[in-house]
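>>> With the input below, show me the fold.
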Amino acid sequence: MSMTYAIPDVHGRLDLLTSAFEKIARNAAGVGATIVTLGDYVDRGPKSRDVIEFLMAWRSDTLRLVCLKGNHEAMMWEACNGLCELDWWLVNGGSATLISYGLTAHDEADTNVVPEGHLAWIAALPKMHVDEHRVFVHAGVDPDLPLREQNEQILLWKRYPQGADLGHGSRHVVHGHHGDPRAPRAGKCKTNLDGLAWRTGRLVIGVFDDDQPGGASEYLEVVGKPG
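Residues are numbered from 1 along each chain as shown. Sure thing, here's the model as predicted:
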């Protein structure tokens, strides 16, 4: 039996992320498994740089790590490459990210403090992870489009209508992005894991049996200080 562990949006909360990896390692108990992080590593919380560096450096003999891109990584990359208005990123949490790279709240915003290696890592992040029974994605998928035709706007920015329980064909969709302090919000066809961890201090990890269709077999929780 193999398992996949899904970690939703952490937004600079290194404390919650490292605790999540420790809890997953204990739960997996040395058996091979996959960890999928669902994006939104940066902005809002205090340790965006540290979160990126932790994920870039992490290695395990038994656990495989798949880091997906979130809309906040997309915003950061575009802002740092002059492809969008800098203020758009800053008001959506980018100011906290630049502070994590060494600026102070009184400094003029300067994206040159972000190392090129971090931007290259962001650029290479995949937008989906698909296995036999599930689609893991930051925001969502269009159930009426083949997976190969899903674009970045859908995968990173989609908001499901209130109460919608839409998978993709026979696959269950596992996502974050739509913050809800009551997470996990699980239906028959999809699961939203984003519990606004950066603000609430509560991070929910979905545990999925790779051999069984549908939603999580269990949930793990990490609880820290509210942001």
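>>> Surely Ala74 is in a helix?
Yes - counting by DSSP: H, G, I helix; E, B strand; the rest coil, Ala74 is part of a helix.
>>> For stretch 90-97, list every residue counted as buried.
By neighbour count on 16 or more other CB atoms under 10 Å, the buried set for stretch 90-97 is 90, 92-97. Heads up, the C-betas are built off the backbone N, CA and C, glycines and all.
>>> Show the residue spans covered by the strands in this structure.
For the chain, the strands defined by DSSP state E cover 3-7, 33-37, 63-67, 128-130, 134-137, 172-175, 185-186, 190-192, 202-209, 218-223.
>>> Tell me, how many residues neighbour Val141?
26 (other CB atoms under 10 Å).
>>> same check, this time on Asp180
12.
>>> same check, this time on the one 5 residues further on
Neighbours of Arg185 under the rule other CB under 10 Å: 17.
>>> Could I get the contacting residues of it?
Contacts for Arg185 (CB atoms under 8 Å, 6 or more residues apart in numbering) come out as 191-192.
>>> what's the longest helix in this protein?
The longest helix of the chain (DSSP state H) is helix 14-28.
>>> need the strands of the chain in a markdown table with distance to Tyr101 and mean pLDDT, can you?
Compiled in a markdown table, these are given as follows (distance: least, CB to CB, whole Å; pLDDT from 0 to 100):
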| stretch | distance to Tyr101 | mean pLDDT |
| --- | --- | --- |
| strand 3-7 | 23 | 98 |
| strand 33-37 | 20 | 98 |
| strand 63-67 | 19 | 98 |
| strand 128-130 | 28 | 98 |
| strand 134-137 | 28 | 98 |
| strand 172-175 | 28 | 98 |
| strand 185-186 | 33 | 97 |
| strand 190-192 | 30 | 98 |
| strand 202-209 | 23 | 98 |
| strand 218-223 | 25 | 98 |
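>>> Pipe the ones you listed into TSV and attach distance to Thr111 per row.
Listed next are the strands of the chain as TSV, based on distance: least, CB to CB, whole Å:
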stretch	distance to Thr111
strand 3-7	27
strand 33-37	23
strand 63-67	21
strand 128-130	27
strand 134-137	27
strand 172-175	28
strand 185-186	35
strand 190-192	31
strand 202-209	28
strand 218-223	31
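>>> and of the ones you listed, who's closest to Leu119?
Across the strands of the chain, Leu119 has its closest neighbour in strand 63-67 (14.4 Å, CB to CB).
>>> Give the other helices and strands that the closest one contacts.
helix 14-28, strand 33-37 (3 or more CB pairs under 8 Å, 6 or more residues apart in numbering; DSSP states H and E).
>>> Please report the distance of the closest residue to Gly102 other than its chain neighbours from Asp107.
Spatial nearest neighbour of Gly102, chain neighbours left out: Val113 (5.6 Å); criterion: CB to CB, 6 or more residues apart in numbering. Distance from Val113 to Asp107, counting by CB to CB, to the nearest Å: 9 Å.
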